[in-house]
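Asker: next one to model:
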Amino acid sequence: MQQIKRLPAIDGQLGWFESVPFTRPMPVQQAEKDEYFDIIIIGAGFSGLATATRLAELRPEARIAIIDALEVGQGASGRNAGFIIDLPHNLDPTEPNAEANTKVRDLNGFAIQRLQQIQKQQGLDVCWHKAGKYLAAHEEKHFSGLTDFVNTLEAIGEPYEILNEDVLAERLGTHYYKRAVYTSGNILVNPAALAICVASALPSNVTLLENTPVQAIDLTNKIIQTPKARLNADTIVLATNAFTEKFGVSNRITPIFTYASLTRQLNDSEMESFKNIAPWGLTSAHPAGTTVRFTSDNRIFIRNTLNYQPHLSSPESVLDKAKATHRKSYLARFPQLADVPFEYTWGGMICVTMNHEPVFKEHTSGIYVMAAMNGVGVAKGTYLGHYMAEYICGKKSPELDFILSHSAPSWIPPDPLRSVGAHIRLSFEERQAKGEV
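Answerer: Reported below is the predicted structural model:
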């Protein structure tokens, strides 16, 4: 049995989870007794939930379990910026691959449709809003990032708007940004609420076990030891993202911590700054820049600061430092709201690979692995989970062929070289980003 030495932890105050606008409709269950399942999925994020949902459709007779060390919505799936991005989202200045980008767009669209169908079926308020997305720049030197994105959009025939400072100020309520590219298909949500909504729709042959950390695992015999029970299965799926290496599976991945803050709800007088402005979401033309949202429940969301945390958790001192950076970024954009405090600050992981390709494979017989959503986990996690279930069941399709052919992460050195390289690269990118932070 391999001991699992690092487990998911609560890093700060999880703003999305704490502000879910509905009462969770199902009870929290833990693993209380030794039990056998046909399939066990470790990780109840969007990829794990999608895998279970599709497996239950394909194999209604199977006993399926999802286990997670935390509650649904508390992990990385509930800590992101709440964008369900419909378009290719790789800001590296490479020549657009129109065929591959078209397939990614179609897969993202499939994931959005799947999630929207579940949300409508469950009738839970996940703050779903088809707001589109702004890719924006404050400094002229980063306009090139906008040009690269436009080249990608034109190669796949996607419409867009290029907006100047005056139009942006009218739409966003801030004069900070000088130019942006707007696309209309992105969805904004409370991601923790959406994760809980998806979990609430799991079919009856799926058992969801939360607050059930994996303490040890035997991948050969497919045995999982939890605090109160020993579970075993014929098939195990590791939907564990940054924690996958702790299960003894080398994946060529790098876990990057990033941090977010969410203000309290704005009062009526403060909302004058956003009069006639709809909820919006904005990402930076530089990959290390700040992500900003004006939410449907009248809050402002700020996310920036990148660092490499090999222990897969973030100490309070780092959270405090990130919060101070958030404050500077917030005041630069919204000086008229200087008195509005942050209500929540938290940390979460983005799991990346050097060439932006995810891990999607059968590791050994009956052991399947998904990891590294590269910062677009809601859509990508959903479609990878769906097609992982089809892969397990031997169901072939052009979509699965595409995923398998684009799931070969390039080599990265092990620690300590990985740690040194990550620190150097992240420091360099944040210096380059400058005013975009």
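
Asker: so which bits of the lowest-mean-pLDDT helix or strand in the chain are buried?
Answerer: When the helices and strands of the chain are scored by mean pLDDT, DSSP states H and E, helix 417-433 comes last with a mean of 77. Across helix 417-433, burial judged by 16 or more other Cβ atoms under 10 Å covers Arg418, Gly421, Ala422, Leu426, Glu430, Ala433. All C-beta atoms are positioned from the backbone trio N, CA, C, and that covers glycine.

Asker: what's stretch 296-305 in contact with?
Answerer: Stretch 296-305 has contacts (Cβ atoms under 8 Å, 6 or more residues apart in numbering) with 15, 19, 21, 81-82, 127, 129, 188, 258-266, 271, 274, 279, 288-295, 321-322, 325-326, 329-330, 334, 337, 340, 343, 430, 437.

Asker: tell me how far it is from the chain's mean position?
Answerer: 15 Å (Cα atoms, centre = their mean, to the nearest Å).

Asker: likewise for stretch 243-260?
Answerer: Distance, centroid of stretch 243-260 to centroid of chain: 13 Å (Cα atoms, centre = their mean).

Asker: give me the mean pLDDT for that stretch.
Answerer: Mean per-residue pLDDT for stretch 243-260: 88.

Asker: which other residues reach stretch 25-33?
Answerer: Residues from elsewhere that reach stretch 25-33 (Cβ under 8 Å, 6+ apart): 67, 71, 122, 124, 199-200, 207-212, 226, 228-229, 231.

Asker: swap the cut-off to 10 Å and go again
Answerer: 65, 67, 71-72, 122-124, 196-197, 199-202, 207-214, 224, 226-231 (Cβ atoms under 10 Å, 6 or more residues apart in numbering).

Asker: just to revisit the earlier point, biggest separation within the buried residues of helix 417-433, which pair?
Answerer: Farthest pair in the buried residues of helix 417-433 (Cβ to Cβ) is Arg418 and Ala433. Separation: 22.0 Å.

Asker: residues in contact with Ser184?
Answerer: Counted by Cβ under 10 Å, 6+ apart, Ser184 has contacts Asp86, Lys130, Ala131, Gly132, Lys133, Glu158, Pro159, Tyr160, Glu161.

Asker: would you show me how to pick out the buried ones of those in ChimeraX?
Answerer: Paste this into ChimeraX to select the buried members of the contacts of Ser184, with burial taken from 16+ other Cβ under 10 Å:
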select :86,131,132,133,158,160
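
Asker: sitting in strands, which of the contacts of Ser184 do you find?
Answerer: Among the contacts of Ser184, DSSP state E puts Lys133, Glu161 in strands.

Asker: of the contacts of Ser184, closest to Phe149?
Answerer: Tyr160 (8.2 Å).

Asker: give the contact list for the closest one.
Answerer: 87, 132, 135, 146, 149-150, 152-154, 180-184.

Asker: and if you look at Gln336?
Answerer: Going by Cβ under 10 Å, 6+ apart, the list of residues near Gln336 reads Gly173, Thr174, Glu270, Glu272, Ser273.

Asker: flag the least confident of those residues.
Answerer: Ser273 (91).

Asker: pretty sure that residue contacts His175?
Answerer: No - applying Cβ atoms under 10 Å, one finds Ser273 not in contact with His175, separated by 11.3 Å.

Asker: just the helices in the stretch 51-200 of the chain please.
Answerer: With DSSP state H, counting those that start in this stretch applied, the stretch 51-200 of the chain shows helices at 98-122, 143-155, 165-172, 191-200, listed in chain order.

Asker: ditto for the stretch 301-437 of the chain
Answerer: Using DSSP H, counting those that start in this stretch, the helices found in the stretch 301-437 of the chain span residues 316-333, 377-392, 398-405, 417-433.

Asker: quick revisit: now list the buried members of the contacts of stretch 25-33.
Answerer: The buried subset of those - by 16+ other Cβ under 10 Å - is 65, 67, 71-72, 122, 124, 196-197, 199-202, 207-214, 224, 226, 229-231.

Asker: and the contacts of stretch 296-305, which of them are buried?
Answerer: For these, buried by 16+ other Cβ under 10 Å: 15, 19, 81-82, 127, 129, 188, 258-263, 266, 274, 279, 288-295, 322, 325-326, 329-330, 334, 337, 340, 430, 437.

Asker: can you report how many residues lie near the closest residue to Leu319 other than its chain neighbours?
Answerer: Spatially, and ignoring its direct neighbours in sequence, Leu319 is nearest to Gly12 (5.0 Å; Cβ to Cβ, 6 or more residues apart in numbering). Gly12 has 21 neighbouring residues, counting by other Cβ atoms under 10 Å.
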